[in-house]
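Peer 1: return a 3D structure for these sequence lines:
(chains A and B)
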Protein chains: 2
Amino acid sequence: MTDTVLSSARREVVIGFDRPFVMIGERINPTGRKLLAAEMKAGDFSRVEADALAQVEAGAQMLDVNAGIPLADEPALLARAVQLVQSITDVPLSIDSSIIEALEAGLAVYHGKPLVNSVTGESEVMERVLPLVARHGAAVVAISNDETGISEDPDVRFAVAKRIVERAADHGIPAADVVVDPLVMPIGAMGTAGRQAFSLIRRLREELKVNTTCGASNVSFGLPNRHAITGGFLSMAIGAGMTSAIMNPLHAEPKTGVMAANVLMGTDRDCVAWIRANRDPDAAVGEGARGRREGRRRRA
Amino acid sequence: MTDTVLSSARREVVIGFDRPFVMIGERINPTGRKLLAAEMKAGDFSRVEADALAQVEAGAQMLDVNAGIPLADEPALLARAVQLVQSITDVPLSIDSSIIEALEAGLAVYHGKPLVNSVTGESEVMERVLPLVARHGAAVVAISNDETGISEDPDVRFAVAKRIVERAADHGIPAADVVVDPLVMPIGAMGTAGRQAFSLIRRLREELKVNTTCGASNVSFGLPNRHAITGGFLSMAIGAGMTSAIMNPLHAEPKTGVMAANVLMGTDRDCVAWIRANRDPDAAVGEGARGRREGRRRRA
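Peer 2: Okay, here's the model as predicted:
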């Protein structure tokens, strides 16, 4: 039982074993979104606002906020985006940057306990990011690569994750505040990517006893009908023990994959969230009646 | 690596570890289908024929054939259904009855090596069914309940499965020809049903080294939008190691759940089946272009 407690000024969200999976909205990220990048650089944050509200409405319990725009003042943009999103929603945030000054600027204006996205297993990165995380009492996403790159050997990736957790402890950050990203590769490019991710997630949970997250949409990169692959991946990863993901809750299949997995893992108690999301009296009655007969037959 | 080889006169299908999941079509079953039951009883097998063709067209690699109609001559009906389906398709069959005479009649007319559905852990049932399976060189579905009913304790269900495998061996039936059904309960009635099934499937594969199957649709009994739950369950069960299911391939979500899981487990080599089933040049190009950018970002 490991709980990672995150908060905004008004709300607490817990990423944890045996709890409903936490969806972290991925949309506030100008990478690959030219229009959003241009707008943010020009000081227009209306799309950031719309994306924040839409993702929370769709069920995101947290939001990732990234302002990585080439040749822009990323620290200032990230701080402004964090403040804006915190002023219009009450979900905890994941403050996302590879630039330490941007993380510092975002943390300086944040109210509550955020997730810092991310630290890698590279010594230099750990020495810069972990003290910052510790000073702000934040939690951190630990990406399982190091100076040698992303290993294809799951044992190496596990060892990197273990090293980050140990180094975090040296800085006074408990393992419960380290959320490990096993790094999911595109399945279309690497047929073993799924199995590797599932076995690594299981080990991270059972042996290292940490929570896990990942950028879920990457797994389906380049494939047709990709959201269905992402949805299947999320269900399977949750079955293997994954406890959160940075994903797009506006896409039907990934969201359904998460909600169905919550039902099947027993964390959506009495299927309350599922039934609320799918209530359609006619369909429910028709399906129920048919199901009842089948149920009787199989249990007989 | 356990392979269960089934065959018709013209085609072989292998249920096995590290192979694409085998979908066994569930539709040819009059239980809960009044019209089909009345037609079969009256000697009209046109719906059996249509259901057989539609399921194979939808991707079923095997078909379950059941003729359980109250007050009807089940052995004669089952034999006729088996002959008819074998005359119009070349997929191996699962011959499904709880009546020994019906299984005998179906086996007597069958060409190839079928799956006999099913034997339980009840001593009397094992003593009647296993010799028949052995005599015909068939494989058999082993349902993990016994005289005491269906235990809620997964350890008990594992022990029952183990006992059936041992008794089958006494009759000369190898473990590779015993496909265990862990008995999946409706998740709406029992919140632990999913976790139980996944852990049992994993143990059956890792410790008993047998293939597994189940009546997949039962898990979603009574819930709205139930096919999405069944689809998520199938993906997760495949992630846990399940190798086949008796299911409805005509429903989009369960079929997609299976196909996505085959991609993610690496058994759909180079995603060939997925790409073939989802080819839509415009969508594929658009998605691919978007995915490429995301992929580059995450791997950077």
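
Peer 1: residue boundaries of the helices in the stretch 101-250 of chain A?
Peer 2: Under the criterion DSSP state H, counting those that start in this stretch, the stretch 101-250 of chain A carries helices at the ranges A:123-136, A:154-170, A:193-206, A:226-240.

Peer 1: just checking, what packs against the second one?
Peer 2: On a contact count with 3 or more Cβ pairs under 8 Å, 6 or more residues apart in numbering or on different chains; DSSP states H and E, helix A:154-170 meets strand A:115-120, helix A:123-136, strand A:139-143, strand A:178-181, helix A:193-206. (C-beta placed from N, C-alpha, C; glycine too.)

Peer 1: so which of these is nearest chain B?
Peer 2: Nearest to chain B, of all the helices and strands packed on helix A:154-170, is helix A:193-206, at 3.5 Å by Cβ to the nearest Cβ.

Peer 1: neighbouring contacts of that closest one?
Peer 2: By Cβ atoms under 8 Å, 6 or more residues apart in numbering or on different chains, the residues outside helix A:193-206 that reach it are A:17, A:144, A:152, A:154, A:157-158, A:161, A:180, A:182, A:184-187, A:210, A:212, A:214, A:219, A:233, A:236-237, A:239-243, B:239, B:263-266.

Peer 1: repeat that for 7 Å
Peer 2: With contact meaning Cβ atoms under 7 Å, 6 or more residues apart in numbering or on different chains, helix A:193-206 is reached by A:17, A:154, A:157-158, A:161, A:180, A:182, A:184-187, A:210, A:212, A:219, A:233, A:236-237, A:240-242, B:239, B:264-266.

Peer 1: pull out the buried positions in that helix.
Peer 2: A:193-205 (16 or more other Cβ atoms under 10 Å in any protein chain shown).

Peer 1: stretch A:107-117 too?
Peer 2: For stretch A:107-117, the neighbour count (16+ other Cβ under 10 Å) marks A:107, A:110, A:111, A:112, A:113, A:114, A:115, A:116, A:117 as buried.

Peer 1: ok, which pair from these is furthest apart?
Peer 2: Checked with Cβ to Cβ, the buried residues of stretch A:107-117 reach their widest spread between A:111 and A:117, with 17.6 Å between them.

Peer 1: all strands of chain A, in order?
Peer 2: For chain A, applying DSSP state E gives strands covering A:3-7, A:12-16, A:22-28, A:62-66, A:93-96, A:115-120, A:139-143, A:178-181, A:211-212, A:244-247.

Peer 1: partners of the fourth one, with directions?
Peer 2: Paired strands of strand A:62-66, with direction, are strand A:22-28 (parallel), strand A:93-96 (parallel) (DSSP bridges).

Peer 1: also the second one?
Peer 2: When pairing is defined by DSSP bridges, strand A:12-16 lines up against strand A:3-7 (antiparallel).

Peer 1: between the partner strand and strand A:139-143, how big is the angle?
Peer 2: Strand A:3-7 and strand A:139-143 are oriented at 120 degrees to each other (axes from the mean of the first three to the mean of the last three Cα atoms, to 10 degrees).

Peer 1: number of residues surrounding residue A:223?
Peer 2: Per other Cβ atoms under 10 Å in any protein chain shown, the neighbour tally for residue A:223 reads 25.

Peer 1: nope, residue A:35 is what I meant
Peer 2: Here the count is done by other Cβ under 10 Å, and residue A:35 has 9 residues near it.

Peer 1: could you find the closest non-adjacent residue to it?
Peer 2: Leaving aside its sequence neighbours, residue A:35 sits nearest to residue A:47 (Cβ to Cβ, 6 or more residues apart in numbering or on different chains; 7.4 Å).

Peer 1: so that neighbour touches residue A:38, yeah?
Peer 2: No. Residue A:47 is beyond contact range of residue A:38, at 10.1 Å (criterion: Cβ atoms under 7 Å).

Peer 1: what about the two, which has more around it?
Peer 2: Between residue A:47 and residue A:38, residue A:47 has the larger neighbour count (other Cβ under 10 Å), namely 16 against 12.

Peer 1: and the strands paired with strand A:62-66, which is most packed in?
Peer 2: Sort these by mean neighbour count, taking mean count of other Cβ atoms under 10 Å in any protein chain shown, and strand A:93-96 sits at the top with a mean of 28.

Peer 1: which residues of chain A score low on pLDDT?
Peer 2: By pLDDT under 70, the low-scoring segments of chain A are A:280-300.

Peer 1: the same query, at a cut-off of 50, please.
Peer 2: Across chain A, the ranges flagged by pLDDT under 50 are A:282-300.

Peer 1: returning to what we had before: nearest to residue A:60, of the helices of the stretch 101-250 of chain A?
Peer 2: Evaluated over the helices of the stretch 101-250 of chain A, closeness to residue A:60 peaks at helix A:226-240, with 13.6 Å, by Cβ to Cβ.
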